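# Take this sequence and fold it.
(2 chains)
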Number of protein chains: 2
Amino acid sequence: MTGRPGIDPLLAAALARTGEGVDALFDALLPVPDDDRARLIRAMRHAAIGGGKRLRPLLTVASAELFGVDPHHALRAGTAIEAIHVYSLIHDDLPCMDDDDMRRGKPTVHRAFDEATAVLAGDALQSLAFEILADPETSGDPFVRAELVGVLAQASGAGGMCGGQMLDIAGEGQSLDMPAIVRMQQLKTGALLSAAVEMGAVLGKVPAEGRVHLRGYARDIGLAFQIADDLIDHAGDAAAAGKAVGKDAAAGKQTLVAAVGEARAREQAAMLADQAVAHLSAHGHEADLLRAIARYVVERDR
Amino acid sequence: MTGRPGIDPLLAAALARTGEGVDALFDALLPVPDDDRARLIRAMRHAAIGGGKRLRPLLTVASAELFGVDPHHALRAGTAIEAIHVYSLIHDDLPCMDDDDMRRGKPTVHRAFDEATAVLAGDALQSLAFEILADPETSGDPFVRAELVGVLAQASGAGGMCGGQMLDIAGEGQSLDMPAIVRMQQLKTGALLSAAVEMGAVLGKVPAEGRVHLRGYARDIGLAFQIADDLIDHAGDAAAAGKAVGKDAAAGKQTLVAAVGEARAREQAAMLADQAVAHLSAHGHEADLLRAIARYVVERDR
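Residues are numbered from 1 along each chain as shown, chains lettered A, B, ... in the order given. Below you'll find the model as predicted:
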């Protein structure tokens, strides 16, 4: 990802550093045992290590930077969010869900292993996320640890990501209006991206009223991210995306691109990125990484 | 369950009270929303409300009683463990796992709804468990909340329940020796039962060194519970069990009953129950409920 023309050098370095940090942490947290559980751990490692943009951990790291948080604490919290994200991909790819064969340029877990192992690997990665957050290594302050768990659990469950996936499945083949699509995407993708930003502030012990502008930022980049994802699926190529593309239309999935057309969707994504940056006006250079992420989210091609 | 001949009246009352409390809490935590997420929430309610022995929440309530914990706090922590247990049953019953049609006398979630909804309902119940524990309503002390999350997450993941399920699947059709079977069962069932007992002590702010005898109690009833479960599967009837029986042998699953025969397994379960009770010798009448549970675990017929 580094060295790609047009990518902000600050962002390129942060993406590379965060990616390496997340991989190293998953590697340390998932030693392969000397018994038949090895299959489960290998499946977790297959999905968790060496792939993905690590956008969620990067958001936590960038948000935590605003408040002078220990980078190791931010990386651990970000890795917990990534564990949730990775588990959701494993389960999303299952034959009973999207039935995908490729993910992040590799066979999906149920293809590389089997369905039962994929279900268990996803389940165990969700547990791992909360185990990471509850560990004093993530924060010496138990109040912070408990609040991190609360924020991530709410963003992951029926009121967040899982609820959004249900709306997505229920909406297949239906004609949803714009507000319904936005609502679905805010839960399915936005909830976890918002949690990633919010958890940086939780680590910084910023009270809820001091997080309002970050919530605005997170909401805007969440929606922009989803539009960009839909545009990649609509027009992108499978090799760059590392997964099958053009599947949304085939599955009758409801996307903003389908609802308003490619040109207007592109405009709206750019507008949302500008709006996200505007939420950061009270911050100086310490928010440059968050600003670069907002632009990257809409300009990326995978 | 109340009024059954032979059941200790103290235990019967506690089982009924805990069952009602868990149902009421799940009912309050899972209001059916006014959008398409309703399907997900209905699936979660289908699995979580009105069924099961509620043995895990009862263990937390009984253990917390030793230390004068607020019963509402204990019930909430116990309900979190039950949410983990219920999610594991939903995923265990999936076609790619045990492929079961009936559970707790009702159709399994993927039969009553569909597979995708069953995967999501399990996932969202796991999130709910940690959301409950992170909530200040479960304990006013953030250190307690964070420790509850840590204990439950460790017991649920690759080092606990999920790891045990992997060993169980990997062992199908193989001939495991006794230590391997015990190890598998200690992870698959024992880890969560131990967490249930331990979380009562966490709520009571008992330091780790004061929990050693409770760990011994939990380990013994965990193994006794699994032997009793295998005996029910071996000899029980489906109507009483509320699920299909005789499936373990058909699936080539490794059980202690298969390894040592029914008579010796029955003896061993009774011995483990006595041993569990012996761990409580430092306690007076406040441990009577835990003692009654140890006997119930091996004498139950479902």
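# need the strands for the stretch 101-250 of chain A, in chain order.
In the stretch 101-250 of chain A, the strands defined using DSSP state E, counting those that start in this stretch lie at A:102-103, A:106-107.
# ranking the ones you listed by burial, who's on top?
strand A:102-103 (a mean of 20; mean count of other CB atoms under 10 Å in any protein chain shown). Every C-beta, even on glycine, is put in place using the N, C-alpha and C of the backbone.
# picking up where we left off before, can you check which of the strands of the stretch 101-250 of chain A gets nearest to A:Leu128?
Closest to A:Leu128 of those, according to CB to CB: strand A:102-103, at 18.5 Å.
# which outside residues touch the closest one?
For strand A:102-103, the surrounding residues in contact (CB atoms under 8 Å, 6 or more residues apart in numbering or on different chains) are A:Ala47, A:Gly51, A:Leu89, A:Asp93, A:Thr108, A:Val109, A:Ala238, A:Gly242, A:Lys243, A:Ala244.
# any idea of the mean pLDDT in that strand?
Across strand A:102-103, the average pLDDT comes to 94.
# Just send the strands of the stretch 101-250 of chain A back as CSV, with distance to B:Met178 too.
Below are those laid out as CSV (distance: least, CB to CB, whole Å):
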stretch, distance to B:Met178
strand A:102-103, 40
strand A:106-107, 37
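# which stretch among those strands comes nearest A:Ala124?
Nearest of the strands of the stretch 101-250 of chain A (CB to CB): strand A:102-103, 17.6 Å.
# Run me through the strand neighbours of the closest one, direction for each.
Taking DSSP bridges as the criterion, strand A:102-103 pairs within the sheet with strand A:106-107 (antiparallel).
# what's the nearest residue to A:Glu198 if we skip its chain neighbours?
Of all residues not flanking A:Glu198 in the chain, A:Val151 sits nearest, at 5.5 Å (CB to CB, 6 or more residues apart in numbering or on different chains).
# you'd agree the one you found is up against A:Gly200?
No: A:Val151 lies out of contact with A:Gly200 (CB atoms under 8 Å); the separation is 10.6 Å.
# Those two - which one has more neighbours?
Shown here are A:Val151 and A:Gly200; by other CB atoms under 10 Å in any protein chain shown, A:Gly200 has more neighbours (26 against 23).
# so what's the more buried one closest to, chain neighbours aside?
Nearest residue to A:Gly200, sequence neighbours excluded (CB to CB, 6+ apart): A:Ser63, at 2.6 Å.
# Equivalent analysis for A:Ala170, please.
Here the residue nearest A:Ala170, using CB to CB, 6+ apart, is B:Asp36, at 3.7 Å.
# give the contact list for the one you found.
Counted by CB under 8 Å, 6+ apart, B:Asp36 has contacts A:Met166, A:Leu167, A:Ala170, A:Gly171.
# Would you verify that it is located in a helix?
No: counting by DSSP: H, G, I helix; E, B strand; the rest coil, one finds B:Asp36 to be coil, located in no helix.
# Distance of it relative to A:Ala208?
29 Å (CB to CB, to the nearest Å).
# tell me which parts of the stretch 101-250 of chain A are close to chain B?
Residues of the stretch 101-250 of chain A found near chain B, taking CB under 8 Å from any CB of the partner chain as the criterion, are A:114-117, A:119-120, A:122-124, A:126-128, A:130-131, A:133-135, A:142-143, A:145-147, A:149-150, A:152-154, A:156-158, A:160, A:162-163, A:165-167, A:169-171, A:183.
# Confirm A:Asp100 sits in a strand?
No: counting by three-state DSSP, one finds A:Asp100 to be coil, located in no strand.
# show me what contacts the nearest residue to it once chain neighbours are set aside?
Spatially, and ignoring its direct neighbours in sequence, A:Asp100 is nearest to A:Asp93 (4.2 Å; CB to CB, 6+ apart). Residues near A:Asp93 by CB under 8 Å, 6+ apart: A:Asp99, A:Asp100, A:Arg103, A:Thr108, A:Val109, A:His110, A:Ala118.
# Most widely separated two among those residues?
Going by CB to CB, the pair spanning these furthest: A:Asp99 and A:Val109, at 12.9 Å.
# Now the residue sitting nearest the centre point of chain A. Its backbone dihedrals?
For chain A, the residue nearest the mean C-alpha position is A:Arg56 (4.4 Å; CA atoms, centre = their mean). Per-residue torsions, A:Arg56: phi -70, psi -50 (degrees, to the nearest 10).
# per-residue pLDDT, the residue nearest to A:Asp100?
Here, the pLDDT recorded for A:Asp93 equals 97.
# Equivalent analysis for A:Val61, please.
98.
# and what of the one 4 residues further on?
Taken from the predicted model, the pLDDT recorded for A:Glu65 is 96.
# got a list of what it touches?
A:Pro71, A:Ala74, A:Gly200, A:Glu286, A:Leu289.
# Give the ChimeraX command for selecting the buried subset of those.
Selecting just the buried residues from the contacts of A:Glu65 in ChimeraX takes one command, with 16 or more other CB atoms under 10 Å in any protein chain shown as the test:
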select /A:74,200,289
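# for the stretch 1-150 of chain A, what are the low-confidence residue spans?
Low-confidence segments of the stretch 1-150 of chain A (pLDDT under 70): A:1-5.
# and with 80 instead?
Counting by pLDDT under 80, the stretch 1-150 of chain A contains low-confidence ranges at A:1-6.
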